[in-house]
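Colleague: Here is the input, now give the coordinates:
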Amino acid sequence: MARAYRSVKSPWLLFLLLLAGGLAGSAFSGVLSDMLPVLASTGKVGLRPATLDLQFMQLTFGFTVDLGPVTALGIVLGYLVYRKL
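Modeller: As a prediction, this is how the structure comes out:
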């Protein structure tokens, strides 16, 4: 009897594909920005660093993302690859 194919869609796989898409988009943006300067425009999204001082330990939280048009396209393509799996 044939078993039904079950797709394994983990959140870690989605994260890795989105990360790979963003990195690829950022690399393409760097290469193509000489020919098309509009591709070099980015916007910063994120949280500025905030520090929690507990006298014996300091914790710093925060992240920023430079999001450009080609980087966003890479992230969308990573998501579409995830959906096809």
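Colleague: Show me which positions of stretch 25-35 end up buried.
Modeller: Across stretch 25-35, burial judged by 16 or more other Cβ atoms under 10 Å covers 25, 26, 28, 29. (C-beta placed from N, C-alpha, C; glycine too.)
Colleague: likewise stretch 10-24?
Modeller: Along stretch 10-24, these residues count as buried under the neighbour rule (16+ other Cβ under 10 Å): 14, 17, 18, 21, 22, 24.
Colleague: List the contacts of the nearest residue to residue 68 once chain neighbours are set aside.
Modeller: Spatial nearest neighbour of residue 68, chain neighbours left out: residue 42 (4.2 Å); criterion: Cβ to Cβ, 6 or more residues apart in numbering. For residue 42, the contact set (Cβ atoms under 8 Å, 6 or more residues apart in numbering) comprises 66, 67, 68, 71.
Colleague: In ChimeraX, select just the buried ones from those.
Modeller: In ChimeraX, this line selects whichever of the contacts of residue 42 come out buried by 16+ other Cβ under 10 Å:
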select :67,68,71
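Colleague: With secondary structure, distance to residue 34 and pLDDT added, can I get the buried residues of stretch 10-24 in CSV?
Modeller: Output for the buried residues of stretch 10-24, formatted as CSV (DSSP: H, G, I helix; E, B strand; the rest coil; distance: Cβ to Cβ, whole Å; pLDDT from 0 to 100):
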residue, secondary structure, distance to residue 34, pLDDT
14, helix, 32, 94
17, helix, 28, 95
18, helix, 26, 95
21, helix, 22, 95
22, helix, 21, 93
24, helix, 18, 94
